[in-house]
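1. Here is a sequence with its predicted model. Questions after.
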Amino acid sequence: MVFRFLLLSDEVEDFRREIQIDADATFFDLHKVILASTGFKDGEMSSFFLCGDDWEKETEITLTEMDTSSEEDAYIMQDSVLNDFLEDEKQRLMYVFDYMTERAFFIELREIITGKDLDEGICTKSQGDPPAQFIDFNDFELKTTGLDTGENFYGDESYDLDELDAEGFDGLEDTLPLPDDDKF
């Protein structure tokens, strides 16, 4: 079984990545495909969050083991198989790639393809440049002074989290055409 994910950024409007990966792969394998598809540097702290319908963070799956209370379950990417956590199409995740400023990709499980297997995950469609992996924390503080996260999220006056909630990811693939599969 193969999972087909769509990745979006709230910072770069035309950024899109489609990733296909075997359902028996780990979150670490998915992490590696995301890094390869964006050109991000390896070795930085990152986490996946399973999210509810309103993008509220629920279960965290970290790159490395964190010192957490014994009351909370701790999940590590290397040990966490996608199929154990993801069951339904349209399931939402966040991939936090910059812990200092909580910058993340919004991910949706677009399709579960049965009867197909992949040896390794691949980026099947790529559009737009990813946001910068790192931003100067001082610059970020200056831009966010007096930030109203309802209207001015990440400094973008037009950003509205409800845009992702109202229609989900439906139709986003049609908004800007993705390159043909044979180019990748």
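-> Thanks, I have it.

2. What pLDDT does the model give the nearest residue to Val81 once chain neighbours are set aside?
-> Nearest non-adjacent residue to Val81, counting by CB to CB, 6 or more residues apart in numbering: Thr26, 5.7 Å away. For glycine as for every other residue, the C-beta is placed from the backbone atoms N, C-alpha and C. Thr26 is assigned 97 on the pLDDT scale.

3. So what does Thr26 look like in phi/psi?
-> phi -100, psi 170 (degrees, to the nearest 10).

4. okay, now it: neighbour count?
-> Burial of Thr26 is recorded as 20 neighbouring residues (other CB atoms under 10 Å).

5. Am I right that it is in contact with Ser80?
-> Yes. Proximity of Thr26 to Ser80 meets the contact threshold set by CB atoms under 8 Å, at 5.9 Å.

6. quick revisit: mind checking how far the residue nearest to Val81 is from Leu8?
-> 23 Å (CB to CB, to the nearest Å).

7. if you average pLDDT over stretch 58-65, what comes out?
-> 90.

8. And for it, what's in contact with it?
-> Stretch 58-65 has contacts (CB atoms under 8 Å, 6 or more residues apart in numbering) with 27-28, 31, 45-52, 73-77, 80, 85.

9. 6 Å instead?
-> Where contact means CB atoms under 6 Å, 6 or more residues apart in numbering, the residues beyond stretch 58-65 that reach it are Phe27, Ser46, Ser47, Phe48, Phe49, Leu50, Gly52, Tyr75, Ile76, Met77, Ser80.

10. Which residue ranges of the chain form strands?
-> 2-9, 16-22, 47-51, 57-62, 75-76, 92-98, 103-113, 122-127 (DSSP state E).

11. I'd like the ones you listed laid out as JSON lines, including distance to Gly39 and mean neighbour count.
-> Output for the strands of the chain, formatted as JSON lines (distance: least, CB to CB, whole Å; neighbours: other CB atoms under 10 Å):
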{"stretch": "strand 2-9", "distance to Gly39": "14", "mean neighbour count": "21"}
{"stretch": "strand 16-22", "distance to Gly39": "11", "mean neighbour count": "21"}
{"stretch": "strand 47-51", "distance to Gly39": "19", "mean neighbour count": "20"}
{"stretch": "strand 57-62", "distance to Gly39": "22", "mean neighbour count": "17"}
{"stretch": "strand 75-76", "distance to Gly39": "25", "mean neighbour count": "17"}
{"stretch": "strand 92-98", "distance to Gly39": "12", "mean neighbour count": "21"}
{"stretch": "strand 103-113", "distance to Gly39": "14", "mean neighbour count": "19"}
{"stretch": "strand 122-127", "distance to Gly39": "10", "mean neighbour count": "17"}
